[in-house]
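Colleague: Okay, sequence plus prediction incoming.
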Amino acid sequence: GTVAKGSARTERGGMEPREIVRISLVGSLVILVVWHLSSHSTFTLGTDPAPTAFEALTMLRSSRPVRIRLQGSAPVRAQAYSRWRCVGDLETIGAAPHRTCVFERVCYHPNQSDFTFHARPNSDNVSLPTIYDHRKGSQYGFRWRKRQGARTNDDFIPLSKEVPYKHQMTWSASTVAAPVPANAAWLTGLSALSAPFAPTNLGHVAWDEGFPLLVGMAQLGVYTPALRILRTTPCSHLGKRATSSSVCRKFAAAFLAPLMGQASDEPHTLDAVARGAPVSGATGRRDGTRPVCFEKLLVGGTFDSFNLEALNSGKEPLIALYRAQVLAAHGIAPDVPPTRHTILLVAKKGRRIIANFKRVQAAVRSAFSSMATIVSTDFSGMTMREQLRLVSSTTVAVSPCGGISMILPFMPEGSHAVLVNYMLGEGEEARHGECDHADGPCSWTMEAELWRHVRHVTKVYYQVWGPDDFAKGRPGRDESVRIDPARLIPLIRASLHEMEPF
């Protein structure tokens, strides 16, 4: 691959956004240095040997597959038929959670809002099943409908996580025993379908939409620094609230566009691209009447970072890679550590706030202003680049739990995050494995399922133990916490000492 060139510098030795938009990280456990790492990067491995290009590529890109023509088999037209492969459960009919697949040469028909998978004629005799169901046996095809004799109405792949309070988006393709249409337009390279789950929540856009797309590429060996993301619905469909649409576009540009090799635009929708929206890698006329076929289409993923820790186990290097890509796309060098301490106090508003924030702020300034810059903010009024620049230069952050804290995984290597815990209130349901009230007080970390696997940030927990720790004198998942500076200050001081060279 090519190596990005250029020497323009920005804050803390960073390069201009276009020059480092394709930067990646080296993981200590797996290798994630890819061919587009900037020659101006200052990242070092100490005494560890540097990875080879072969090792770096193998982690993210599959090698060429076996393709051997059988004797007597008639050659077929190039790109004539579809292929597919998946990771995840292939033994359950329906959109099994966390099933992730890449399809080659499937086509979208905008007038029918439907996809077709193009199988070889008479392929039932030679094709493998798609599903090996434990009770119903081998299944062929990617869609089940009662009107066609199936026992259930099911699709093949989930596009979002399943929750009781929201409709789950799923995907399937109709199988046709015919070649890809000759008049089809084409999208070359890798495209990915993405269904926004909570498009105005930073944590869900970053970690339940953007990050799963990166994970899916790595799992299937189709990683590209220029993924074409196609959303199922645009931000403009959020209704009449202009602020909601604006926040949606802001978060999409910040956390999805970097996977596309940019950091400025909301991704197009599938339907808009099929009807002519400008995208790179498109050939043929896209006017809404012709099918649009995909060289490769990534569908599905692991969309539940905050509820199932098992989904994050082993993905620590990919979290680091996602952090690097997002920061690089915003013109921030992800591998240059700060040279002066910045303590960030997150002044969240609404629920789950630090109730005595002004007292905490005064205590932190009194204790540490001589050795660190103290910044207090709720992030409102800041661009995403400004927010990420602040977070990436922060050495110690103190934050309430909830979505506002989900920008903190973009902190620098070796930094510390003091995460304020919560307690369940009387009668509240345990959703994340919280301890039983009957066994005594239980301090818990929100988003722990993800935080436990953010390897580059040291987690420091401000624990809560009873009514005195809460503003209203009663525990609860969404209750505001009253922080005791006498307990907080030693945690910050110990964090600062931990970052000393020795």
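Modeller: Right, received. Where do you want to start?

Colleague: Let's verify the residue nearest to Leu327 when sequence neighbours are not counted: helix, strand, or coil?
Modeller: Excluding its sequence neighbours, the residue lying closest to Leu327 (Cβ to Cβ, 6 or more residues apart in numbering) is Pro334, at 4.2 Å. To be clear about C-beta, it is placed using only N, CA and C from the backbone, and glycine gets the same treatment. Assigned with DSSP: H, G, I helix; E, B strand; the rest coil, Pro334 falls in the coil class.

Colleague: Point out where the chain drops to low pLDDT.
Modeller: Across the chain, the ranges flagged by pLDDT under 70 are 1-47, 122-126, 239-242, 263-264.

Colleague: Tell me where it has helices.
Modeller: Along the chain, the segments classed as helices by DSSP state H run 17-20, 53-60, 202-205, 211-220, 242-255, 270-274, 316-329, 357-368, 384-392, 448-451, 485-498.

Colleague: Of all the residues in the second one, which ones are buried?
Modeller: Of the residues in helix 53-60, those buried under the neighbour-count criterion (16 or more other Cβ atoms under 10 Å) are 56-57, 59-60.

Colleague: again with stretch 274-283
Modeller: Within stretch 274-283, the residues scored as buried using 16+ other Cβ under 10 Å are 274, 279, 282.

Colleague: mind checking the end-to-end distance for it?
Modeller: Length of stretch 274-283, first residue to last, Cα to Cα, to the nearest Å: 11 Å.

Colleague: which of the helices of the chain is buried the deepest?
Modeller: Most buried of the helices of the chain by mean neighbour count (mean count of other Cβ atoms under 10 Å) is helix 316-329; its value is a mean of 25.

Colleague: relative to helix 242-255, how tilted is that one?
Modeller: 110 degrees (axes from the mean of the first three to the mean of the last three Cα atoms, to 10 degrees).

Colleague: Helix 316-329 vs helix 211-220, what angle?
Modeller: Using the same axes, to 10 degrees: helix 316-329 against helix 211-220 is 120 degrees.

Colleague: And helix 316-329, what does it pack against?
Modeller: helix 17-20, helix 211-220, helix 384-392 (3 or more Cβ pairs under 8 Å, 6 or more residues apart in numbering; DSSP states H and E).

Colleague: 10 Å instead, please
Modeller: Counting contacts by 3 or more Cβ pairs under 10 Å, 6 or more residues apart in numbering; DSSP states H and E, helix 316-329 packs against helix 17-20, helix 53-60, helix 211-220, helix 242-255, helix 384-392.

Colleague: got JSON lines for the ones you listed, with distance to Thr458 too?
Modeller: Formatted as JSON lines, the helices and strands packed on helix 316-329 follow (distance: least, Cβ to Cβ, whole Å):
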{"stretch": "helix 17-20", "distance to Thr458": "26"}
{"stretch": "helix 53-60", "distance to Thr458": "25"}
{"stretch": "helix 211-220", "distance to Thr458": "21"}
{"stretch": "helix 242-255", "distance to Thr458": "23"}
{"stretch": "helix 384-392", "distance to Thr458": "15"}
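
Colleague: and of the ones you listed, who's closest to Ile354?
Modeller: Closest of these to Ile354 is helix 384-392, at 17.7 Å (criterion: Cβ to Cβ).

Colleague: relative to helix 316-329, how tilted is the closest one?
Modeller: 130 degrees.

Colleague: just how off-centre is helix 384-392 within its chain?
Modeller: 18 Å (Cα atoms, centre = their mean, to the nearest Å).

Colleague: now swap in stretch 495-502 and tell me
Modeller: Going by Cα atoms, centre = their mean, where stretch 495-502 is centred and where its chain is centred differ by 31 Å.

Colleague: Same question for stretch 56-66.
Modeller: Remark: stretch 56-66 is offset 22 Å from the chain centroid, using Cα atoms, centre = their mean.
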